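Enquirer: no FASTA, just this:
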């Protein structure tokens, strides 16, 4: 099938898929796998549950929702990507995945392991300020490091209770047995164990480079303000084919992130200023005058 310009999403999220090529995997695709509009891309799915099991867990989904059949069945909290050999994947997609895991740092390490040198990972995360996590605190880096050190494979009751209470799901009338049932149900459904804003997640990436030795290059990123009413941020990391000092890699990541974020903020502010101008009472008159001047200049240029 030949892709055309009309097939490619013009959104910032869709444009990040231009970095995907060859063969790779999407982790936990859910009922909305990442659309791949560009040619030459082959993706396999890694998921914990079969489609019918997912539908049984997520009964709140709209009618007609469907899940792709996984090519690899794995509980990422326990199995990670052990079914995939090292340096075999051209890309990995982790869209709204890391926040669900008991130990995100170990998962990032396994993603780095399975990527070929030069391979990329496309990551999207919800920004806690713009989702049902808005009442929750960001997961501190020290907490992630402790979970990584302890090789945590099961989401704790403490994480689940924090999620239930601060997303207004908790019912104080629950009996101890009902609480246990809710903990187990939400553990299987895979809650937002962790949460961050876009700026709060940067230290996590830096840590994987500076302290865990992952050779990442930041190719591109999108931020909440890039999309009106946005709620997520995303980025593309490449496993560098060149080995560099971990401190230098982390510094390069940080500077690249801040440059891209600054560009995003400048563009968002420009859009806000344009919107304010358009809202002024006299703007339609001025706009018509500009258009008339442009037509006169074009007419004179033809003579």
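Expert: Everything's here; your move. Only a predicted model underlies this, so the values are computations on that prediction, with no experimental measurement involved.
Enquirer: In space, what's closest to residue 260 - neighbours in sequence excluded?
Expert: Closest residue to residue 260 apart from its sequence neighbours, by Cβ to Cβ, 6 or more residues apart in numbering: residue 221 at 4.7 Å. Every C-beta, even on glycine, is put in place using the N, C-alpha and C of the backbone.
Enquirer: Return the list of helices and strands in contact with the longest strand seen in the chain.
Expert: Under DSSP state E, the strand in the chain containing the largest number of residues is strand 115-126. Strand 115-126 is packed against strand 89-95, strand 232-239, with contacts defined by 3 or more Cβ pairs under 8 Å, 6 or more residues apart in numbering; DSSP states H and E.
Enquirer: For residue 46, find the nearest of the ones you listed.
Expert: Evaluated over the helices and strands packed on strand 115-126, closeness to residue 46 peaks at strand 89-95, with 9.1 Å, by Cβ to Cβ.
Enquirer: what angle separates that closest one from strand 232-239?
Expert: For strand 89-95 against strand 232-239, the angle by axes from the mean of the first three to the mean of the last three Cα atoms, to 10 degrees is 160 degrees.
Enquirer: What mean pLDDT does strand 89-95 get?
Expert: Per-residue pLDDT over strand 89-95 has a mean of 98.
Enquirer: got a list of contacts for that strand?
Expert: 19-29, 34, 41, 43, 107, 111, 114-116, 119-124, 234 (Cβ atoms under 8 Å, 6 or more residues apart in numbering).
Enquirer: one more time with 7 Å
Expert: For strand 89-95, the external contacting residues (Cβ atoms under 7 Å, 6 or more residues apart in numbering) are 20-27, 34, 111, 114-116, 119-124.
Enquirer: Type out the ChimeraX command that picks the buried ones from those.
Expert: The following ChimeraX line selects those of the contacts of strand 89-95 that are buried, judged by 16 or more other Cβ atoms under 10 Å:
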select :20,21,24,25,26,27,34,111,114,115,116,119,120,121,122,123,124
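Enquirer: Quick check: which ranges of the stretch 1-150 of the chain have low pLDDT?
Expert: Counting by pLDDT under 70, the low-confidence segments of the stretch 1-150 of the chain come to 1-10.
Enquirer: can you pull out the strands in it?
Expert: 22-27, 41-47, 72-73, 89-95, 115-126 (DSSP state E, counting those that start in this stretch).
Enquirer: will you turn these into a markdown table that also has distance to residue 55?
Expert: Shown next, in a markdown table, are these (distance: least, Cβ to Cβ, whole Å):
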| stretch | distance to residue 55 |
| --- | --- |
| strand 22-27 | 19 |
| strand 41-47 | 13 |
| strand 72-73 | 16 |
| strand 89-95 | 20 |
| strand 115-126 | 23 |
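Enquirer: For the residue nearest to residue 260, give me its contacts.
Expert: 234-235, 257, 260.
Enquirer: quick one: it is in a strand?
Expert: Yes. Residue 221: assigned to a strand according to DSSP: H, G, I helix; E, B strand; the rest coil.
Enquirer: From residue 280, how far out is the most centrally placed residue in the chain?
Expert: When the chain is reduced to its mean C-alpha position, the closest residue under Cα atoms, centre = their mean turns out to be residue 124, at 0.6 Å. Relative to residue 280, residue 124 is positioned 37 Å away (Cβ to Cβ, to the nearest Å).
Enquirer: Check residue 187 too.
Expert: Using Cβ to Cβ, residue 187 is found at 53 Å from residue 280.
Enquirer: These two: which is more packed in?
Expert: residue 187 (18 against 10; other Cβ atoms under 10 Å).
Enquirer: coming back round to it: which of the helices and strands packed on strand 115-126 sits closest to residue 14?
Expert: Among those, strand 232-239 sits nearest to residue 14 (Cβ to Cβ), with 10.6 Å.
Enquirer: Point out the other helices and strands that the helix or strand just after that closest one packs with.
Expert: Counting by DSSP states H and E, the element after strand 232-239 in chain order, helix or strand, is helix 246-279. Secondary-structure packing of helix 246-279 (3 or more Cβ pairs under 7 Å, 6 or more residues apart in numbering; DSSP states H and E): helix 198-210, strand 216-222.
Enquirer: quick check: mean pLDDT across helix 246-279?
Expert: 86.
Enquirer: next helix or strand past it?
Expert: Next element after helix 246-279 (DSSP H and E): helix 283-302.
Enquirer: Let me know the angle separating that next one from helix 246-279.
Expert: 100 degrees.
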